[in-house]
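Visitor: Sequence first, predicted coordinates after that:
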Amino acid sequence: MKTILIVDDEIHICTLLTTILTKEGYKVDHSVSGTMALKMIKEKSYDVIFCDYRLKDKEIDGSILSLRIREMSPATSIIVMTGYPDVRIAIQLIKQGIYDYVVKPLNASQAILLVQKALLHQAVLSKEQLPPAMHLTADPVSTYVSHRGQLSQFVYGNGNTSKELHTQIKLIAPTDYSVIILGETGTGKESVAQLIHSQSRRKDKPLVAIDCGSLSRELASSELFGHEKGAFTGAIQARIGAFQEADGGTLFLDEIGNLSYEVQTALLRTIQERVVRPVGSAREVHVDIRIIVASNEDLQQAVLQGRFRDDLYYRLNEFTINVPPLRERREDLPLFVSTFKQAVEDELERECGPLSDEVLAAFYNYPWPGNIRELKNVMRRICLLSTEKAPINMESLPEELHPVSRELAMSAIPGTEENLKNVTRQAEYQKILDVLQQVRFNKSQAARLMNIDRKTLYNKLHTLNILL
Ligand SMILES: Nc1ncnc2c1ncn2[C@@H]1O[C@H](COP(=O)(O)OP(=O)(O)OP(=O)(O)O)[C@@H](O)[C@H]1O
């Protein structure tokens, strides 16, 4: 018989969970103190432990208790319960190896399901020796309806970086926290925002996405907050803005760093007070929205440089998600490739040939500056060009993917390692690549850091055969 321990200083929670789980056939004990719970765990092993985060014991809160349980009984699944959800704590606990983090009160079906999932997870672990936290990547590909009404697929991947991303999405989605999503172009920031919305309680309400990068200075306020008829030249009719359109749902502001200081000020006020005042209007309208913003530049840097309001940044930064570039998720390339290939085959209604080993190797060696968007486009192109069942080989790849290896770049210089020019060139090559990686392949930033102008950098990239 599977054993469960409930640790909570509120006796009625212990009694309630004990009743629910005993009826399901589990052997359930409980304790109202952390110290007592540790004694019980020393004497008896438990399969699942429910543990309150804020225990009254002075020295033992849920975090310390779960650490001790992990040391004493690593196979036990720990479920931390809290009355005050905090995503940062949740992530810290998950990193410590707890199985799940849930908000009280739990109803009967939630409690039963949690135990079933935890036991199933243990069974899988013992059979397949999967690493801990694997349960978070339940399904490596998830299908959701995008805000444009299309059925979209989101590939999570199984690499460690990807699992971390999945954990963060899973934890933040059900909350109402504002989220800042950072990442290079094409890494999937908008997709992450959509996924968060689709897993939130707001999922049946609209997700409105605004690209702040494409808003003109004059129109930004009107697009966001709406305007009254005659508010400015050309305002022939009154119009509601994105905030009101998203009422009840989520507002996604892409490239937030591009908003003017003036609009940032209005945005801050709207977020703080949850009211919008359309341009040219004296009336205020209450809105209930969750805000998710994205940027491919480091917003903290923008704050330091005085381009982004620090108070707005702190207001938005209830949680930050860093979406990793594709080159840091190479272990997930096969999954991305097979998912995108399947999607193109479905679109084309025909099968495409397998990718040759050479093509796969080129994929692994390429830095993917355009990230997942670029991979998706390359897959579409090579599948389109492929004839049925014949292997897809290097000829189908766009030029930038043809491997220009370091050796090849170096071979342009005659002579051996003793050749001084060659040494200088190698050092330059290495330095430029390192700096480019450091600034996420942003060439202007790289040029600035290396104290050269953009044109010089372009010339060097060209002569060193660095294709970006
Ligand atoms: N994890 C993923 N699984 C499947 N497709 C993805 C994933 N991430 C991104 N994509 C796809 O890659 C493309 C680019 O994604 P998205 O627009 O979300 O990136 P972005 O980071 O917001 O880009 P930008 O910074 O240029 O706005 C889209 O077609 C999207 O469907």
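Guide: Sure thing, it's come through.
Visitor: pLDDT value on whatever residue of the stretch 151-300 of the chain ends up closest to the ligand, please?
Guide: Using C-beta to the nearest ligand atom, residue 188 is the residue of the stretch 151-300 of the chain that sits closest to the ligand, at 2.4 Å. (C-beta placed from N, C-alpha, C; glycine too.) We have a pLDDT of 94 for residue 188.
Visitor: which phi and psi does it have?
Guide: phi 110, psi 30 (degrees, to the nearest 10).
Visitor: Over to residue 372?
Guide: phi -60, psi -30.
Visitor: Do I have it right that the residue of the stretch 151-300 of the chain closest to the ligand meets residue 324?
Guide: No - if you go by C-beta atoms under 8 Å, residue 188 and residue 324 don't touch, sitting 9.5 Å apart.
Visitor: For those two, work out which one has more neighbours and name it.
Guide: Ranked by neighbour count (other C-beta atoms under 10 Å), residue 188 and residue 324 place residue 188 first, with 22 against 19.
Visitor: got the contact list for the more buried one?
Guide: Contacts for residue 188 were tallied using C-beta atoms under 8 Å, 6 or more residues apart in numbering; they are 154, 323, 371, 372.
Visitor: So what pairs up with residue 181 in the strands?
Guide: residue 294, residue 321 (DSSP bridges).
Visitor: Tell me how many other residues surround it.
Guide: Neighbours of residue 181 (other C-beta under 10 Å): 27.
Visitor: just residue 55 next, same as before
Guide: Neighbour count for residue 55, taken as other C-beta under 10 Å: 23.
Visitor: State the pLDDT value of it.
Guide: 82.
Visitor: Spell out the secondary structure type for it.
Guide: With DSSP: H, G, I helix; E, B strand; the rest coil as the basis, residue 55 sits in coil.
Visitor: Not counting residues beside it along the chain, what's closest to it?
Guide: Of all residues not flanking residue 55 in the chain, residue 34 sits nearest, at 4.7 Å (C-beta to C-beta, 6 or more residues apart in numbering).
Visitor: residues in contact with that neighbour?
Guide: 7, 55, 57, 59, 60, 61, 64, 65.
Visitor: which residues of the stretch 351-468 of the chain fall in helices?
Guide: All helices of the stretch 351-468 of the chain, identified by DSSP state H, counting those that start in this stretch, fall at 357-365, 371-385, 406-411, 420-438, 443-449, 454-463.
Visitor: same for the host helix or strand of residue 197, what does it pack against?
Guide: For residue 197, the element it lies in under DSSP states H and E is helix 189-198. When contacts are defined as 3 or more C-beta pairs under 8 Å, 6 or more residues apart in numbering; DSSP states H and E, helix 189-198 sits against strand 141-145, strand 151-155, helix 160-172, strand 179-182, strand 207-211, strand 250-254, strand 290-295.
Visitor: Taking the centroid of this structure, which residue is nearest it?
Guide: residue 165 (4.4 Å; C-alpha atoms, centre = their mean).
Visitor: What does the pLDDT read for that one?
Guide: 87.
Visitor: go on, residue 251?
Guide: On pLDDT, residue 251 comes in at 96.
Visitor: Contacts for stretch 237-249 next, please.
Guide: Contacts of stretch 237-249 (C-beta under 8 Å, 6+ apart): 197, 202, 205-208, 210, 222-229, 251, 270, 276, 278, 285, 287-290.
Visitor: rewinding a little: which members of the contacts of residue 188 are the farthest-apart pair?
Guide: Farthest apart among these by C-beta to C-beta are 154 and 371. That separation is 14.2 Å.
Visitor: Of those two, which one has the most company?
Guide: Between residue 154 and residue 371, residue 371 has the larger neighbour count (other C-beta under 10 Å), namely 25 against 20.
Visitor: contacting residues around the more buried one?
Guide: Contacts of residue 371 by C-beta under 8 Å, 6+ apart are 183, 184, 185, 186, 187, 188, 325, 326.
Visitor: Need the nearest residue in space to the first one, chain neighbours excluded.
Guide: Spelled out, that is residue 183. Residue 183 sits nearest to residue 323 (C-beta to C-beta, 6+ apart), 3.3 Å away.
Visitor: how deep is that neighbour tucked in, by neighbour count?
Guide: 26.
Visitor: Give me the three-state assignment for the nearest residue to residue 18 once chain neighbours are set aside.
Guide: In this structure, residue 18 finds its nearest non-sequential neighbour in residue 28, 4.6 Å apart by C-beta to C-beta, 6+ apart. For residue 28, the assignment made with three-state DSSP gives strand.
Visitor: Thanks a lot, see you next time.
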